[in-house]
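Chemist: take a look and give me a structure for this.
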Amino acid sequence: MGSFGQVTSLSRAKLGSVLKEPCCLQRLAKNRKSVLVVCLGLALVLCIVHLASYVVSRNVSPSPMFGKPSPQRLKPRLKILIVSYMRSGSTLCGNILQAHPGVFYVYEPLLYLWDHYVPGKDLSKNLPLRRRAKALWRESKPVIPPPLDFLSYMFHCNVSTYNLDFLTNVAHSKAFRESGCVKSVGGSNVMNVTLGCATGVKHRCQASSAVAQKVVRLTMAEGGRLLKRDPSIRLVHLVRDPRGVLLSRMRFNQKTKGEMHKNYTSICRRMLADMKDTVHLNKNHWGRILTVRYEDLAQDLLSITSKIYKFVGLEMLPSVRDFLAKMTATDARNVHGKIAGDTATKVPISCDNSLIDIKLLDSA
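Modeler: Residues are numbered from 1 along each chain as shown. A predicted model of the protein is given here:
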């Protein structure tokens, strides 16, 4: 092995001069093993150099949006799930998250299903999935995706024309609007999307640094099963005083009928069950569930938003702060969520409430 040390210490120039000597072949013949080891070592070095150059070249890939080279996303894509209730500020929370330019936002991906707690639907855990689906999809689609599977599809950017047919009200999503998919009935549905629409949305999703979805048709028990299935998901549980929820539902477009107005007697039961499940889930999924009160979000928008962003792993960019500043302006009111300081976040029982409303609140 002494000769091996001498050969390995030679530079290329010295090795070339040695090979020119008359006795070079005899020396090599005597040290075949040493020469073989040196050759294998050089081959290994060349292989490592080639692999390193390949990895570097892969770090810059064509941008699916514009076709120009862009740095490949090195960090895993963030997965954010907002679980809430109808008229509890979930759309407001979703808008806050999609204010970040790197977020791909899916609005209410489970609207093809009936709510668990609508009286008369008997939506038990053992109910066949097709019976839980609304008539439009039950009668037109041969396969109804289970809710947890469908959420996983969206988190992994599995955006096919078939999957997109289950999405509605996509006008609430900036990613869908900018992908040219808002063109159907009422400017909100994606029914019968074109292949170009699906491709554009999929590329937008794949280029994002985070996927956020907000749902009001998922219990915390179901959310817990999704957390177990995918350890990278962060869940924001948005709650609101049930009295405020019911009053908001009753006053929403002055409707007195419909899905959201039928479950007065079950909203408190559902919230209580979800809170109990949250306590249990926090023990098994510590640090992955954040409970936020809508009242706190409305009264201290910047502080609570910063808390949510930190929890899910998003950076509070200046553009996000500008968006929040516009939301708190006096002309920023809309039906999807009230601005900070709005008295609608408070729920007094006053003369403005009808006797019927008060009785419904008391019986809930």
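Chemist: so how many other residues sit close to the residue nearest to residue 159 when sequence neighbours are not counted?
Modeler: Distances taken as CB to CB, 6 or more residues apart in numbering place residue 202 nearest to residue 159, at 4.1 Å, with adjacent residues excluded. Quick note: C-beta positions are derived from backbone N, CA and C, even for glycine. Neighbour count of residue 202, defined by other CB atoms under 10 Å: 19.
Chemist: SS state for residue 202?
Modeler: helix (DSSP: H, G, I helix; E, B strand; the rest coil).
Chemist: that one contacts residue 156, doesn't it?
Modeler: No. The pair residue 202 / residue 156 is not scored as a contact, 10.6 Å apart, by CB atoms under 8 Å.
Chemist: wait, a helix at residue 196?
Modeler: Yes. Under three-state DSSP, residue 196 falls within a helix.
Chemist: for it, give its distance to residue 320.
Modeler: Counting by CB to CB, to the nearest Å, the separation of residue 196 from residue 320 is 30 Å.
Chemist: and if you look at residue 171?
Modeler: Separation of residue 171 from residue 320 (CB to CB): 21 Å.
Chemist: looking at those two, which one has more neighbours?
Modeler: When neighbours are counted by other CB under 10 Å, residue 320 comes out ahead of the other of residue 171 and residue 320, with 21 against 17.
Chemist: that one belongs to a helix, doesn't it?
Modeler: Yes. The assignment for residue 320 is a helix, going by three-state DSSP.
Chemist: surely it touches residue 306?
Modeler: No. Judged on CB under 8 Å, residue 320 makes no contact with residue 306 at a distance of 9.4 Å.
Chemist: where does this structure dip in pLDDT?
Modeler: Filtered on pLDDT under 70, the chain yields the residue ranges 1-33, 35, 37-38, 47, 49-74, 116-127, 183-193, 252-265, 330-364.
Chemist: and residue 306, how many residues sit next to it?
Modeler: Neighbours around residue 306, by other CB under 10 Å: 15.
Chemist: three-state assignment of it?
Modeler: helix.
Chemist: ramachandran angles for residue 130?
Modeler: phi -60, psi -30 (degrees, to the nearest 10).
Chemist: from residue 77, how far off is the nearest residue to residue 317 once chain neighbours are set aside?
Modeler: Leaving out its chain neighbours, the residue that sits closest to residue 317 by CB to CB, 6+ apart is residue 100, at 6.5 Å. Going from residue 100 to residue 77 by CB to CB gives 13 Å.
Chemist: shared neighbours, those two?
Modeler: Contact with both residue 100 and residue 77 is made by residues residue 210, according to CB atoms under 8 Å, 6 or more residues apart in numbering.
Chemist: and the strands in the chain?
Modeler: Secondary structure of the chain, counting by DSSP state E: strands at 60-62, 69-71, 78-83, 103-107, 210-215, 233-239, 289-293.
Chemist: closest one to residue 267 among those strands?
Modeler: In terms of CB to CB, the element of those nearest to residue 267 is strand 233-239, at 11.1 Å.
Chemist: what is the closest one packed up against?
Modeler: The criterion is 3 or more CB pairs under 8 Å, 6 or more residues apart in numbering; DSSP states H and E, and the helices and strands that strand 233-239 contacts are strand 78-83, helix 90-98, helix 220-229, helix 267-284, strand 289-293, helix 294-299, helix 301-312.
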